[in-house]
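Enquirer: Here is a sequence together with a model predicted from it:
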Amino acid sequence: MSLSTLWAWCKRHLLLVTFLSIGLIFVFAVINVQILHMTSEPEFCAMCHPNQGYGPLAEVDSWAHSTHAAAGVSCLDCHGRPGLAGYMRAKIGGLYDVYMQFTLSAEEKLAILSNPSPDLVPEDHCLYCHSDEQNLATRQATRFIDLVNMRMLDSVQNPEFRERKGIPDILAGPTRENSRFDHTFHMDTFELSCNDCHFGVVHNPQSKTDLMNMCIACHDAYEGSSAPLLNDCTSCHSVQNSMYLGQGARGVPEEEGLKSMFGISCDMCHSSVFKGVYRPSAGTCTDCHDSGYNEILEMWQQDTREQIAKLDRLRLTVEDALRDGDARNRDNTARWELFQKAVYNLKLVKKDGAKGAHNADYALSILSSVEKDFNFILNDIRINW
């Protein structure tokens, strides 16, 4: 068939050709959107970042074991600016990354990954999720931010998102996460940025000892001020103190732990703190207990670890179900409130960091209440939907 014959046929069947063209464009668009989604998943990123653990080439595995992953935050939620334009800019930048994957040597790639730019995730991007003020400012400055939601980031609107995830507004006042900390004071007074303390927070996080040394070194420089020092444990470690006392969980009866009942102070277990060793060891326990106590402690902590891992998975299932209900215009107000209570309690145990060592019975009681709340929400959804 000649081109002129085809053209004549198209003119005679203009309506059919129009519908076919629209259909092909639609199919092409759907296929491309699916390709964009597939190439934005961590599993795709793992093709070039396949290692396990932390550090260069282990970025996907380190993310998988982070609190961001537990909250459903994925690669392009951090490594792409909000909005459709920000998403597409990140995808186009990814094409250059693919090019480098095939053209650079292994040594060159390791050198690049070992020295990431501090601006890889800009400060205002962190604050987009972790503060209401920056979230509003970014949303107002970003055009068409609600046009297409290609990832979780595009639907982030605080305070609703932040409250549902159980994270504080870090610019609204002192937070009570792992420790009591006033971000605004440190950022305004000392001009600290997020990366000064949290650089590599997902892919190569600093140890608790590194972070503690950073705090202590700075606070020592301001000796005589109100900056807490080593002997002011509960000034910063309010979460740990709450667990030790058996207080602080929502809807869970208070349950004082044995350490509190017998007057075991912080420095009796953290006995080497003034030598720069902040965590107790098995040897610390046997200073007071027989060697069998270490096995009991490990059992407590293993039970707590397993329960937390199970609840992290269940949390994402419940959140997906609630978001699906929102999309169907279901009234989820009471369910979201119960979910936020459960997330708060789960984070209390996780942020304590001791995995039950401060108060094993209370920690497991809290986690049991979290599981009960999550399952109640899922059962309520099945019955009423």
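Expert: Received the coordinates, thanks.
Enquirer: so what's the residue nearest to the spatial centre of the chain closest to, chain neighbours aside?
Expert: Geometric centre of the chain, nearest residue: His68, 2.0 Å, by C-alpha atoms, centre = their mean. Nearest non-adjacent residue to His68, counting by C-beta to C-beta, 6 or more residues apart in numbering: Val202, 5.4 Å away. Just so you know, the C-beta spots here come from the backbone N, C-alpha and C atoms, and that holds for glycine as well.
Enquirer: ok, how many other residues are close to the one you found?
Expert: As a burial measure, Val202 scores 20 neighbours (other C-beta atoms under 10 Å).
Enquirer: What of Cys126?
Expert: Neighbours of Cys126 (other C-beta under 10 Å): 18.
Enquirer: for Leu348, same thing?
Expert: 24.
Enquirer: Now do the contacts for it.
Expert: 239, 242-243, 248-249, 366 (C-beta atoms under 8 Å, 6 or more residues apart in numbering).
Enquirer: Next: Leu36.
Expert: With C-beta under 8 Å, 6+ apart, Leu36 has these contacts: 91, 150.
Enquirer: give me phi/psi at the residue nearest to His68?
Expert: Dihedral pair for Val202: phi -100, psi -50, per degrees, to the nearest 10.
Enquirer: Kindly report the same for Leu171.
Expert: Main-chain torsions, Leu171, degrees, to the nearest 10: phi -100, psi 0.
Enquirer: Same check on the one 10 residues further on?
Expert: Here the main-chain torsion angles of Phe181 (degrees, to the nearest 10) amount to phi -150, psi 130.
Enquirer: these two touch, right, it and Cys236?
Expert: Yes: under the criterion of C-beta atoms under 8 Å, Phe181 makes contact with Cys236 at 7.1 Å.
Enquirer: Report the contact partners of the residue nearest to the centre of the chain.
Expert: 77-78, 202.
Enquirer: Now tabulate these in JSON lines and tack on pLDDT.
Expert: Formatted as JSON lines, those follow (pLDDT from 0 to 100):
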{"residue": "Asp77", "pLDDT": "92"}
{"residue": "Cys78", "pLDDT": "91"}
{"residue": "Val202", "pLDDT": "86"}
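Enquirer: and of the residues you listed, the nearest to Gly353?
Expert: Val202 (17.4 Å; C-beta to C-beta).
Enquirer: Who are the contact partners of that closest one?
Expert: Going by C-beta under 8 Å, 6+ apart, Val202 touches 62-63, 66, 68, 78.
Enquirer: List the buried residues in stretch 168-186.
Expert: Buried residues in stretch 168-186, counted by 16 or more other C-beta atoms under 10 Å: 168-171, 175-181, 183.
Enquirer: quick one: buried residues of stretch 346-366?
Expert: For stretch 346-366, the neighbour count (16+ other C-beta under 10 Å) marks 346-360, 362-366 as buried.
Enquirer: residue ranges of the strands in the chain, please?
Expert: In the chain, the segments counted as strands under DSSP state E are 175-176, 180-181.
Enquirer: Domain ranges for this protein, per the record?
Expert: 3-38, 237-385 (automatic domain parsing).
Enquirer: which one of those domains has the lowest average pLDDT?
Expert: Lowest mean pLDDT within the domains of the chain: domain 3-38, at a mean of 82.
Enquirer: Any buried residues in it, and which?
Expert: Buried residues in domain 3-38, counting neighbours by 16+ other C-beta under 10 Å, are absent.
Enquirer: What count of nearby residues applies to the closest residue to Ala58 other than its chain neighbours?
Expert: Residue nearest to Ala58 in three dimensions, not counting chain neighbours: Asn51, with 3.9 Å by C-beta to C-beta, 6+ apart. By other C-beta under 10 Å, 14 other residues sit near Asn51.
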